[in-house]
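*Asks:* quick check, what structure comes out for this input:
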Amino acid sequence: MRYSIALLICVALAGCEAPPAVSQFNGDSVTIRQSTIVTPPNPEAPEVVEEARRICGKVARRAEYASTTTSPGYYNDYVSHLFLCLPT
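*Replies:* Numbering: from 1, shown residues only. Got it, this is the predicted structure:
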């Protein structure tokens, strides 16, 4: 019984995916890290774009997508989306 509960918890946690998060910001650009464990990478995903807009908005600028890079290593469990913070 104990093992089946532990297995159920592990399966439930495996389906959870971290929300996009800021990994770098320097005032001129922001890098948003997106998990790809459950969903494919998408720089146009609403939560990714909104996070970039929110961060660039802190310096009164607008976010514009520039590029995407994949994580190093074998599993590639995340991507990094680079957004430029341009004057409005």
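*Asks:* low-confidence stretches in the protein?
*Replies:* 1-16 (pLDDT under 70).
*Asks:* show me where it has its helices.
*Replies:* In the chain, the helices defined using DSSP state H lie at 2-14, 46-57.
*Asks:* outside of the last one itself, list whatever touches it.
*Replies:* Helix 46-57 is touched from outside by 19-22, 25, 30, 32, 34, 42-43, 62-63, 65, 81, 83, 85-86, with contacts defined as Cβ atoms under 8 Å, 6 or more residues apart in numbering. (C-beta placed from N, C-alpha, C; glycine too.)
*Asks:* and S71, how far is that from P41?
*Replies:* Remark: distance between S71 and P41 (Cβ to Cβ, to the nearest Å) = 10 Å.
*Asks:* overlap in contacts of these two?
*Replies:* Shared contacts of S71 and P41 (Cβ under 8 Å, 6+ apart): V79.
*Asks:* quick one: which of the two has more around it?
*Replies:* Neighbour count, other Cβ atoms under 10 Å: between S71 and P41, P41 has more, with 17 against 14.
*Asks:* verify the stated contact: the more buried one with Q34.
*Replies:* Yes: between P41 and Q34 a contact is recorded at 5.9 Å, counting by Cβ atoms under 8 Å.
*Asks:* grab the nearest non-local neighbour of the residue nearest the centre of the chain.
*Replies:* Nearest to the centroid of the C-alpha atoms of the chain, with distances taken as Cα atoms, centre = their mean, sits Q34, at 2.1 Å. Counting by Cβ to Cβ, 6 or more residues apart in numbering, P20 is the residue found nearest to Q34 once chain neighbours are left out, at 4.8 Å.
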